[in-house]
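Undergrad: my questions are about this predicted structure, shown below with the sequence.
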Amino acid sequence: MAAPKDNKPKAAAKGGAPKKGKGFNISSLYTISGDKISRNNRSCPKCGSGTFLGKHKDRLVCGKCRYVEFVKG
Ligand SMILES: [Zn+2]
């Protein structure tokens, strides 16, 4: 008794472009006015300048060392 072969082709990758996420722009971290550049986000006190804290609802988080700084509403 041969078991029926199940030769279903593997489901092809579902169509659609891969999700791009929110789209991170490095330029969004800085504001350039004339000759001066100012940073929009706080930089991490542990990692130093150049590593910014990500903004969350009630806290700032460093993606590198996981430093968290809570902010009041
Ligand atoms: Zn850090």
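TA: Looks like it came in fine. Residues are numbered from 1 along each chain as shown.

Undergrad: for the protein, which residues are neighbours of the ion?
TA: Counting by CB under 5 Å from the ion, the chain comes close to the ion at 44, 46-47, 62, 64-65, 67. In this view, the C-beta of every residue, glycine as well, is placed from N, C-alpha and C.

Undergrad: please flag which of these sit within helices.
TA: Using DSSP state H, no member of the residues of the chain next to the ion sits in helices.

Undergrad: from residue 19, how far out is the closest residue to residue 60 other than its chain neighbours?
TA: In space, and not counting its chain neighbours, residue 60 is closest to residue 53: 3.7 Å by CB to CB, 6 or more residues apart in numbering. Residue 53 sits 25 Å away from residue 19, going by CB to CB, to the nearest Å.

Undergrad: neighbours of residue 44, just the number please.
TA: 22 (other CB atoms under 10 Å).
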